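**Student:** The sequence isn't on hand, but the structure is:
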């Protein structure tokens with residue numbers, strides 16, 4: 001297995017193991033990570049690696065699976081520390097140590113912002129649609145742009161969700177509510193009489209799942225899944241009756257927007273999500289999803 005493939009695999013497995021393991025306090029006077037290496041005996045080299053963060057046992061298991069047949073990796077105790085005893089060829093030892101330098105680090109927290117933006121019903125013309133590329137920039141910049149568009153009446157609803165999680169751990173939001181849905185109407189009292197509207201209640205809400213991984217350059221890769229269901233009464237929806245004044249009564253329409261994607265976000269920046277599929281939207285209406293993220297380290 002190539003070093004690149006092994007690095008990708010061990011990063012995913014090790015981040016999960018670190019995510020459930022408290023960080024160990026540094027032992028005063030502790031030696032550097034690699035404290036003892038014997039000279040190779042034939043083709044075998046033995047290295048003792050002091051684990052600075054996470055679980056030596058979980059690291060041993062993950063590395064053992066990836067380097068099965070190429071190395072023997074055992075979790076051992078050495079004084080007050082947690083160690084890995086590595087037995088392998090010199091070249092394989094170097095690969096393992098290189099991986100450990102990348103994954104044996106303190107976990108960082110990622111803050112995630114998600115906006116679900118809907119435009120009101122309007123004629124579907126190119127010059128009236130919002131270009132998602134115009135809604136990019138820093139979190140503060142995009143927030144101001146959205147506020148300005150709302151003040152101009154260009155946007156309908158803007159919902160902002162915030163979550164945070166350690167890198168390599170899932171962040172989830174699930175919210176729901178029952179909303180009335182117009183399904184029909186009945187006139188009574190003859191001409192000029194009243195109208196009774198039939199309604200039923202439907203469940204609506206949003207489910208968001210985000211799994212962040214921080215790259216070496218500081219960028220954030222988000223494995224993102226969003227499903228949002230709502231309700232509209234569009235101007236071009238099915239007519240189910242008329243009011244006593246002759247105005248049309250439109251049926252409510254369920255709308256469902258969903259997307260599953262891998263998104264790369266520059267820390268502190270906001271980017272639109274492509275590939276959003278929406279069912280039940282009315283003519284000219286748009287559903288846009290914007291995502292921003294930053295590493296929580298006191299600055300953005």
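**Tutor:** Yep, that arrived. Predicted model, so just to flag it, every value in this text is computed and none were measured.
**Student:** quick one: residue 277 from residue 259, how far?
**Tutor:** The spacing between residue 277 and residue 259, counted by C-beta to C-beta, to the nearest Å, is 7 Å. Yep, even glycine has a C-beta here, placed from its N, CA and C like the rest.
**Student:** When these two are compared, which one has more neighbours?
**Tutor:** It is residue 259, of residue 277 and residue 259, that has more neighbours when counted by other C-beta atoms under 10 Å, with 18 against 10.
**Student:** buried ones in the host helix or strand of the more buried one?
**Tutor:** Counting by DSSP states H and E, the secondary-structure element that holds residue 259 is strand 253-265. Buried residues in strand 253-265, counting neighbours by 16 or more other C-beta atoms under 10 Å, are found at 253, 255, 257, 258, 259, 263, 265.
**Student:** What is the distance between whichever strand in the chain runs longest and the centre of its chain?
**Tutor:** With DSSP state E applied, the strand covering the greatest number of residues in the chain is identified as strand 195-214. Here strand 195-214 is found 18 Å from its chain centre; the criterion is C-alpha atoms, centre = their mean, to the nearest Å.
**Student:** any idea of the angle it forms with strand 253-265?
**Tutor:** Taking axes from the mean of the first three to the mean of the last three C-alpha atoms, to 10 degrees, one finds that strand 195-214 is oriented at 10 degrees with respect to strand 253-265.
**Student:** which one of the buried residues of strand 253-265 is nearest residue 76?
**Tutor:** If you rank the buried residues of strand 253-265 by distance to residue 76 using C-beta to C-beta, residue 265 comes first, at 39.7 Å.
**Student:** Skipping adjacent residues, who's closest to residue 173 in space?
**Tutor:** residue 208 (4.4 Å; C-beta to C-beta, 6 or more residues apart in numbering).
**Student:** and the one you found, what does it touch?
**Tutor:** Residues in contact with residue 208, defined by C-beta atoms under 8 Å, 6 or more residues apart in numbering, are 114, 161, 163, 171, 172, 173, 174, 224, 225, 226.
**Student:** just for the protein, where's the confidence low?
**Tutor:** 1-42, 79-81, 122-128, 187-195, 234-236, 244, 281-284, 297-300 (pLDDT under 70).
**Student:** And the residue nearest the centre of it?
**Tutor:** Nearest residue to the geometric centre of the chain (C-alpha atoms, centre = their mean): residue 210, 2.2 Å.
**Student:** on that earlier part again, the longest strand of the chain: partners in the sheet, and parallel or antiparallel?
**Tutor:** The strands that strand 195-214 pairs with in its sheet are strand 171-187 (antiparallel), strand 220-232 (antiparallel) (by DSSP bridges).
**Student:** which parts of the longest one are buried?
**Tutor:** When you say that, I think you mean strand 171-187. Here strand 171-187 shows 171, 173, 179, 181, 182, 185 as buried, counting by 16+ other C-beta under 10 Å.
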